[in-house]
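# this one's structure only:
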């Protein structure tokens with residue numbers, strides 16, 4: 001039986017995998033919970049600390065998630081940074097409060113529950129089965145430890161129990177459900193007049209006085225951005241030319257390490273039969289279970305089919321139906337006793353009884369696979385390259401330390417840095433906070449150049465790492481503050497913006513006049529104007545997709561017409577609509593069983609979310625919450 005991944009194993013997964021197991025309420029984001037060392041806290045909830053490291057990691061992951069959602073186009077500036085940090089802090093505090101509530105209420109997550117959850121995740125499976133190699137590779141590719149991932153999963157499942165309890169407690173009456181179903185099936189006869197902003201642009205003329213007034217009132221929107229020009233020195237490992245003598249003994253040591261590493265990559269395909277035994281079982285039960293396991297082993301020794309016996313007697317729900325098949329197993333995936341026995345078997349051999357915390361196992365080794373080491377002679381050129389690269393890396397590290405020290409100790413000039421390291425002082429063109437050319441295409445460079453200590457105090461920047469083994473130190477040569485543009489510089493944009501404002505106003509006036517005319521009994525024919533579009537949607541339901549969602553939503557919020565049609569205006573992004581509701585037809589049928597079930601789930605989720613929010617607010621009011629100063 002697969003263990004709930006061994007704490008000693010290394011590896012982990014990022015927010016994409018966590019998203020697959022996250023709970024259905026959007027009350028928090030995705031965070032990694034891997035502690036370490038004595039850290040100052042970001043927040044404290046009832047004496048339980050949320051570390052600064054945990055907070056920083058959560059902020060980083062939230063930024064990554066948002067960046068991927070919006071194609072890397074995120075706003076810059078202190079306001080946006082503060083919003084992200086505040087959101088993440090609220091999420092971490094909320095999660096900690098719910099965890100404490102769950103623990104105080106007696107909720108727990110067993111090793112078995114945790115193991116089953118991990119094994120059931122498709123992202124860790126190959127051909128429908130949990131694949132340990134895939135699991136460890138995915139975790140390792142994201143830099144998270146197995147123990148950290150297991151801890152995160154346990155905390156998620158713990159809180160999810162609280163939420164599942166709330167969902168399970170929501171009861172939707174059949175009568176109310178059917179009434180909502182009939183509302184969902186209700187139809188409304190809808191049409192609308194559309195007054196587009198752009199239709200009025202050609203009729204608008206502007207005077208110089210209007211432009212000047214608009215410019216004066218909105219001057220902050222029309223500014224030349226702040227700019228800087230920098231000098232910098234850069235150090236790259238690719239520029240280091242180092243002649244490393246070949247040490248035959250060192251190459252042999254490297255080759256031995258290479259061979260040893262392949263041993264750990266060996267995988268074994270195994271089957272097992274499990275007779276479960278609780279560690280707290282009494283003596284009689286223990287003897288009975290052992291006797292049963294011994295009888296199964298005796299049948300196997302007598303030649304009975306391993307697969308048939310596994311299906312009939314094995315008590316491992318994950319593998320018994322597969323004839324005991326565990327798939328490919330590598331070191332670190334199983335409990336120690338199981339792993340030790342497995343790695344002593346020869347192909348086709350069946351073990352003696354193996355006792356673990358799960359019970360008695362009988363293991364059969366099916367197949368062994370692993371990488372075959374290349375000969376020393378074939379591997380030698382690669383080993384030489386590795387030795388040389390290691391020496392270059394060491395030299396780069398030493399020079400980067402010297403660069404950082406020299407730049408700090410001589411923070412009013414880059415020349416000492418260049419002289420000490422034999423580097424060239426380079427210059428950039430002017431660039432802004434958001435864009436630049438050459439080295440200034442790097443956001444890290446722009447951020448460093450606009451730091452207060454660099455601009456206002458004229459100091460060298462800290463060492464900036466652009467990528468592995470590529471670092472830069474910079475200083476500002478010229479700083480041009482932001483300044484207003486002249487009216488002539490922005491006249492085209494100004495005219496376009498002011499014309500659009502006036503066009504919006506005309507569209508609004510026309511729509512309000514149409515609304516008043518309709519309410520006074522004028523026909524639609526009387527309202528035909530040069531800039532009016534008439535759109536008849538016909539009889540539609542609430543899920544109608546072929547019109548603006550705002551129009552459909554407003555139409556279904558309007559009161560049922562009595563005697564004559566009902567009218568309402570709604571602002572759209574590029575127009576104003578006058579909605580005409582002619583008729584409401586109530587449905588006699590509440591809909592299909594599937595549609596009612598979908599409505600029921602929506603109600604359960606909505607009510608449970610409201611109740612969970614109320615619970616959280618109450619718990620917060622009863623909790624002692626401390627937030628570190630200057631965190632945001």
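That came through, no problem. Since this is a predicted model, take the numbers as computed values, not measurements.

# low-confidence stretches in this structure?
1-40, 71-78, 140-144, 166-173, 242-244, 263-265, 371-372, 528, 530 (pLDDT under 70).

# if we use 50, what do you get?
1-39 (pLDDT under 50).

# which helix or strand contains residue 514?
helix 487-519 (DSSP states H and E).

# helices or strands up against that helix?
Contacts defined by 3 or more CB pairs under 8 Å, 6 or more residues apart in numbering; DSSP states H and E place helix 487-519 against strand 187-196, helix 208-217, strand 566-571, strand 575-585. Heads up, the C-betas are built off the backbone N, CA and C, glycines and all.

# between it and strand 575-585, how big is the angle?
20 degrees (axes from the mean of the first three to the mean of the last three CA atoms, to 10 degrees).

# after helix 487-519, next one along is what?
strand 533-540.

# give me the contacts around that next one.
187-196, 524, 528, 544, 546-547, 552, 555, 583, 585 (CB atoms under 8 Å, 6 or more residues apart in numbering).

# what do you get for stretch 309-316?
Outside stretch 309-316, the residues that reach it (CB under 8 Å, 6+ apart) are 1, 271-276, 292, 296, 299-300, 319-324, 358-359.

# buried subset of those residues?
1, 271-275, 296, 300, 319-320, 322-324, 358-359 (16 or more other CB atoms under 10 Å).

# skipping adjacent residues, who's closest to residue 300 in space?
residue 350 (5.6 Å; CB to CB, 6 or more residues apart in numbering).

# quickly list what that neighbour is bridged to.
As for beta bridges, residue 350 partners with residue 364 under DSSP bridges.

# let me see the contact set for it.
Shown in contact with residue 350 (CB under 8 Å, 6+ apart): 297, 300-301, 306, 362-364.

# report the buried members of the residues you listed.
Using 16+ other CB under 10 Å, the buried members of the contacts of residue 350 are 297, 300, 306, 362-364.

# want to throw those residues into JSON lines with distance to residue 115?
Putting these into JSON lines (distance: CB to CB, whole Å) gives the following:
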{"residue": "297", "distance to residue 115": "25"}
{"residue": "300", "distance to residue 115": "26"}
{"residue": "306", "distance to residue 115": "23"}
{"residue": "362", "distance to residue 115": "20"}
{"residue": "363", "distance to residue 115": "18"}
{"residue": "364", "distance to residue 115": "21"}
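
# from those, which is closest to residue 207?
Among those, residue 363 lies closest to residue 207 (CB to CB), at 90.9 Å.

# what about the residue nearest to the closest one when sequence neighbours are not counted, distance to residue 385?
In space, and not counting its chain neighbours, residue 363 is closest to residue 351: 4.2 Å by CB to CB, 6+ apart. Distance, residue 351 to residue 385, using CB to CB, to the nearest Å: 44 Å.

# ok, now residue 43?
In terms of CB to CB, residue 43 sits 48 Å off from residue 385.

# what about the two, which has more around it?
Using other CB atoms under 10 Å, the more surrounded residue of residue 43 and residue 385 is residue 43, with 21 against 11.

# okay, and the more buried one sits in which element?
Here residue 43 is assigned to strand 41-45, by DSSP H and E.

# direction included, what does that strand pair against?
strand 48-51 (antiparallel), strand 625-627 (antiparallel).

# could you give the separation of the last one from the chain centroid?
So that's strand 625-627. 26 Å (CA atoms, centre = their mean, to the nearest Å).

# what angle sits between the helix holding residue 514 and helix 208-217?
100 degrees.

# what comes up buried for helix 487-519?
Buried residues in helix 487-519, counting neighbours by 16+ other CB under 10 Å, are found at 487, 490, 494, 498-500, 502-504, 506-507, 510-511, 514-515, 517-518.

# again, but for stretch 214-224
So, applying 16+ other CB under 10 Å, buried residues of stretch 214-224: 214-215, 222.

# so for residue 453, which of the helices and strands packed on helix 487-519 sits nearest?
That would be helix 208-217 among the helices and strands packed on helix 487-519, by CB to CB, at 35.8 Å.

# what is the following helix or strand past the closest one packed up against?
Remark: after helix 208-217, the chain's next helix or strand is strand 223-224, criterion DSSP H and E. Strand 223-224 makes packing contacts with strand 483-484 when contacts are defined by 3+ CB pairs under 8 Å, 6+ apart.

# for the strand it packs on, what is the distance to the chain centroid?
39 Å.

# mind listing what it pairs with, with the direction of each?
By DSSP bridges, strand 483-484 pairs with strand 223-224 (antiparallel).

# hmm, who's touching the partner strand?
Contacts of strand 223-224 (CB under 8 Å, 6+ apart): 480, 482-485.

# mind running it again at 7 Å?
Taking contacts as CB atoms under 7 Å, 6 or more residues apart in numbering, the residues outside strand 223-224 that touch it are 482-485.

# kindly write the PyMOL command that selects the buried subset of these.
Restricted to buried positions by 16+ other CB under 10 Å, the PyMOL selection for the contacts of strand 223-224 reads:
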select buried, resi 485
